[in-house]
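Asker: Next comes the sequence, and after it the predicted model I'd like to discuss.
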Amino acid sequence: MAIDITTYDPKNLHLPEFDILHSGHLACPGCGAALGMRLALKALGPKTMVVIPACCWAVINGPYPYEALGVPVLQVAFETAAISASGIRAALDAQGKEGITVLAWAGDGGTFDIGFQSLSGAAERNDDIIYVCYDNEAYMNTGIQRSSATPYGAWTTTTPVESPKPEPKKNMVEIMAEHRVPYTATASLAFPEDFVRKLQKAQSIRGAKFIHLWSSCPPGHKSEERYSIRIARLAVETGVFPLYEVDYGTKYTINHEPAFTDINEYLKLQGRFRHLKPYHVENMRRNIEWEWKRLRAKVEMGEKLPLPPAPVHAPVDEGEHTPPAK
Amino acid sequence: MRMVIKGNGAVAHAVRLARPQVISAYPITPQTSIIEGIASMVAEGKIDARFIKVESEHSALAGCIAAESAGARTFTATSAQGLALMHEVIHWAAGARLPIVLANVNRAMAPGWSIWTDQTDSLSQRDTGWMQVYCQSAQEVVDSVIQAYKVSERVLLPTMVILDAFFLSHTYEDVEVPEPGLVDGFLPPLDLPQKMDLEHPAALGNLVFPDRYMEFRRKMDLAHQVALGVWDEVGREWGELTGRPYGLVEQYRMDDAELVLVTAATTASTARVVIDALRDEGVAAGLLRLRVFRPFPADLIRTILADRKKVVILDRNCSFGHHGIFHQEIKSALYELPAGQQPEMHGVIAGLGGRDVTVEDLRGMLMGVWEGRITKPVTWWNVLEAKGAETGAVAMG
Amino acid sequence: MVDLNPKMLEDIPVTSYSDNSTLLIKTGAWKYVQPSYEDKLPACSHQCPAGNDISKALDLIARGDVAAAARLWRAGNPFPASLGRVCPHPCEDQCNRGQFGGAIAIHMMERFLGDRSLDPEFLPKAKPATGKKVAVIGGGPAGVAAAYNLALAGHAVEVFDDKPAAGGYLRTGIPAYRLPKDVLDRELALVEQTGVQFTLNTRVGRDVSFDELRNRFDAVIVTIGFHGSRPLGVPGEDHENVYNGVHLLERILAGERPELPRRMAVVGGGNTAMDVARSLLRIGVEPIVVYRRSRMEMPAIPTEVDEAIAEGIRFEFLTAPSRVIIENGKVTALECRKMRLGEPDESGRRRPIPVEGSEFPVEVGGVVTAIGETAELDFLPDEARDGWRVAADERFVTPVEGVFAAGDAAFGEGTVTAAVGAGRRVAMVVDAFLGGRELPSVAPPTQASWERPVNIDQTVHVEQLNPAYFTEVPRPEIHELDPQTRSTSFDEVVQGFTEEEAIREARRCMVCGTCNECCNCLFFCPDVAIHKRSGAFGFDIDGDHCKGCGICVEECPRNALSLVEVKS
């Protein structure tokens, strides 16, 4: 009997039933990035080509001659996720192959840091790709070094407890939104329907789309494997990681109003924050407040602004190009 | 069709004829007129390709790698700093066995800033697994770019077609540009055995454990060996089609030559004048021009140089601390000759950073060796003397 | 496919082209703990004296399979329609939904399922006959529940009752406005359909001897309940207008309308007191409830008290009778004393202490006592008696071989629900006895009789749930006849749920501790190692690829999985 479980009060997940990702991949137990990929492939379907730069997923996908994704995958150099996706899109266009989604799937290092230039290039060209950064907030694949996605106060092997990271995390979504790409969004593993919806929305839009997925990492966050979703949820509910989306860099929409749970609930589950002093936590609280004020102001501003104007095309009868003056 | 075009223009026209599907490039002097030409041709519909105007050379080649992996023929061009920035993905393209063709305009590496010719940029990419072809004329540029696609796609290795900055890139020459139909008959569409394909999902470029890595590298090396024969064959085939045959090397007045100049690229044109003059003067001089440098035709060069009296190897490059690069390679190729057949070898480093290598320079170094005035294994040609070499003052001061 | 065991260089591709599935890599070998589907006891069922499988049944309703739910509920409980009306539903006090919008109206669900299953097609299939015979003395809820379960287990059961109809307190003690008698009759008829033979109007010790039963039957179960009365212990209580509440109620419910004074005091605070007071109201008597503690300490079902107050019944709290005032041979008042509450007694309730000199009359023409009941045990041999109760241990075993005892007569639990539960439990013990199996040291809980495996040692309270998956949904209003109408009639006060209401309410159920195939475990598995069984309930865990992270266990909203150590 087909059961419509969506009407239960326990908010049962409504997700595509099929799976493209295979078992046997090499992710650590409790890996958020592995679950993220699983959900992404559920959302985007089999007509997807995936680019994976150096990142945990370059290992997770399995060693030669094995692979876990079940769709064509190109593993590429660290800083080339975005351009590689652009290159595939260009090749598909050139060969007249339509209806294929090109997904770049990169970690925070490959996105916030080393791959930032190429990502900015693809965004500026508005290449028709979906770029997902699964952000585990440090260079986890190389053994937990700080990246510009590492949050304030966090321990990493290059920000030891005597000198934890003094700077807050780079705000990647706002940076990408300011490229005026048609769609940017944040997402959380604890809100899989929201993530799937965002991917499918991104899939329906031509142009460069950027999704920032907060991703748990038990070895890197020094957390229990079983708490991967709980921590992801707390990241949202404490206000640390707001769930929102931005259309054309203009219209900001908050997708989930957090409970603003005490940030200690989030911090205490992760060993990377165990050394924090009360003043660190106070700084975090203040930063959350400030970021939320900014975010709400952007929502307000977006409500007053129109989306970008529709383009005016050249009249059909004026086909001749005027060469530029020598 | 005969055209008077620059070397860079020759690249653009050859690219047009090769029908790449994706071009991904970034400007750098003195390569820019290549991609300007291509941009115009794409805009005018003369090349049916997607041109990704990327934000760096690294992305230029990375874009080609991805596009080629997805089954498209690709092209990019660069020079010097740009090539160096690409270095990581230069390795990648070869390791991925993608038949990408790249035009590199030889330019000196900074600092100090220099935009003039020098082979150190391309020779720094010697060990990446790419094939390298050094051209001496705009005609050879046209012909080599087209041949490069054919050879690359046969052996699944990328090729760098190399031309000197300004001496070739910006010098107008009379060039026979083949008709598209001729090239279409010569160069079939790209058909990669392994690529991104929804029908056959697979991962390309994933983790390889030590139990297999060497096998892939062994296959790359074998492909280079096979490529020697393919370049030869393709060069002959091109000759049959166009009347312009090409070999791995070019020999000029070598039959009975006792004094041989070995060099590459545009210096070879100048050298012909010197060789002719020396012959007129009764010196049995000859020229061996290196064309296909990777794969390196060591056996062929050994055969050619066996039993010659004296060999001068001119490098427009330097592997600092140890000779010019052509010099090293030829020396090692000739090591297997029996002592009696070994020629006397002298390396000359000249023309770095675009310094002119004139007829007088070439005559000077050849006759210096011939007449025994040059005895050192390596000579830096026409540079200020180093008086404090023994004390270290020259190096530190 | 790329060759997994290449012999020659030609057997491998030019580059690391990989098209073999990682399914071939057994990453499951990494784990040291593994998830396991393990249903646990929901707080409601933990609290249910009758042992109903509440969460499973509600889940079936939520899925729209009302028939399966009804069948499940009636599987061990012969009186769901009756209990759905009279049970004090302690389950609802513990219901975890209580913290998310209000407890599930479980009693309404039971009533809905009970009414829905008043048809032989909902009866479980009996096991093959064993040839063993069981006598049950007392046709009340405990006896009938025992008989029903033993009959379904294949035994021949005969129930002896001295009344003209079975049902015990359900028939004699509960007014029709709470339990219409045709509901009880239909449930008893279903019990008869299972093969249980009712021998009525037959009092053991009068019409048939106890020894004869012991001789004729392989086992005898004593479930006679409480039917005597406890005296008030005050002067004047032997007056004819001072009534035993249980007996008076029995007469009223049997349809008698005895001549009664216009105003009567009802002494007591339990369910009998409420039933008496509300029944008196319905036959035109004005009752005044006299209770020695405060409202908080009343043992009656709170909603019954609410309803009585809503019907306008007067209560005298902290008041205890001291004497029945009789003038000219007629009761004119009940003299009472005010009480105050002292320290808690052994029942945990605060002990009432008389306030000196606070005597005052409550002017009434009669008094009804409803302060506790006693059993009538004359027929039993001495060793089977222990004061006012039947001597039985925690296995329901009496000192007399082959004789068992359960229900109020043995343990005095005091509700029909507990009696049904006791009947189910004693049936398990007697079944084991008849089967020659060793008896447990303590009779197993009712939940042990469920068909699905449940870890009954673990109860799922709200702390054991994942609150992220539940939102507040308010409890629905329960429809009642308005107080004006109902105070003059024995029509049923509480209106049952429609199917739509029942399904809506079932969907509020958090299905604690019980897998309902919500698929959270499956969807959150990073290793795609959980698979829905095709064509069957539940999931399979792919042990070759489950890495034992435990996300499934944490993200199960209802704690239906556990992490267990991997045995090496």
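Answerer: Nice, thanks for sending it over. Numbering: from 1, shown residues only, chains lettered A, B, ... in the order given.
Asker: As a check, name the ranges of all strands in the stretch 51-200 of chain A.
Answerer: Assignment of strands within the stretch 51-200 of chain A using DSSP state E, counting those that start in this stretch yields the ranges A:66-67, A:73-75, A:101-107, A:129-135, A:183-188.
Asker: out of those strands, nearest to chain C?
Answerer: Chain C sits nearest to strand A:66-67 of all those, at 4.4 Å, using Cβ to the nearest Cβ. Quick note: C-beta positions are derived from backbone N, CA and C, even for glycine.
Asker: quick one: that closest one near chain B?
Answerer: Yes. Against chain B, strand A:66-67 shows contacts by Cβ under 8 Å from any Cβ of the partner chain at A:Glu67.
Asker: anything in that strand near chain C?
Answerer: Yes. Applying Cβ under 8 Å from any Cβ, one finds strand A:66-67 in contact with chain C at A:66-67.
Asker: Tell me the residues on chain B that lie near chain C, please.
Answerer: Checking chain B against chain C by Cβ under 8 Å from any Cβ, the hits are B:95-97, B:156, B:193-194, B:200-208, B:212, B:215-216, B:218-220, B:222-223.
Asker: ok, back up a step: may I see the strands of the stretch 51-200 of chain A organised as CSV, with distance to C:Asp65 added?
Answerer: Below are those laid out as CSV (distance: least, Cβ to Cβ, whole Å):
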stretch, distance to C:Asp65
strand A:66-67, 42
strand A:73-75, 43
strand A:101-107, 39
strand A:129-135, 40
strand A:183-188, 35
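Asker: could those go into JSON lines alongside mean neighbour count?
Answerer: Output for the strands of the stretch 51-200 of chain A, formatted as JSON lines (neighbours: other Cβ atoms under 10 Å in any protein chain shown):
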{"stretch": "strand A:66-67", "mean neighbour count": "26"}
{"stretch": "strand A:73-75", "mean neighbour count": "28"}
{"stretch": "strand A:101-107", "mean neighbour count": "29"}
{"stretch": "strand A:129-135", "mean neighbour count": "29"}
{"stretch": "strand A:183-188", "mean neighbour count": "28"}
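Asker: of the residues of chain B next to chain C, list those near chain A.
Answerer: Among those, chain A is touched by B:200-208, B:212 when using Cβ under 8 Å from any Cβ.
Asker: Weed out the non-buried ones from the residues of chain B next to chain C.
Answerer: B:95-97, B:156, B:194, B:201-208, B:212, B:215-216, B:219-220, B:223 (16 or more other Cβ atoms under 10 Å in any protein chain shown).
Asker: Correct me if wrong, but C:Arg395 is in a strand.
Answerer: No. Counting by DSSP: H, G, I helix; E, B strand; the rest coil, one finds C:Arg395 to be coil, located in no strand.
Asker: Which residue, other than its chain neighbours, is closest to it?
Answerer: C:Ala443 (4.9 Å; Cβ to Cβ, 6 or more residues apart in numbering or on different chains).
Asker: A:Leu44 too?
Answerer: With Cβ to Cβ, 6+ apart as the criterion, A:Leu44 has its nearest non-adjacent residue at 5.0 Å, and that residue is A:Thr101.
Asker: how much space between that neighbour and A:Trp57?
Answerer: 17 Å (Cβ to Cβ, to the nearest Å).
Asker: returning to what we had before: distance of the residue nearest to C:Arg395 from chain A?
Answerer: Remark: distance between C:Ala443 and chain A (Cβ to the nearest Cβ, to the nearest Å) = 34 Å.
Asker: Isn't that residue up against C:Phe404?
Answerer: No. C:Ala443 is not in contact with C:Phe404 according to Cβ atoms under 8 Å; the separation is 9.5 Å.
Asker: on that earlier part again, can you pull the contacts of the residue nearest to C:Arg395?
Answerer: The neighbours of C:Ala443, taking Cβ atoms under 8 Å, 6 or more residues apart in numbering or on different chains as the test, are C:394-396, C:425-426, C:428-429.
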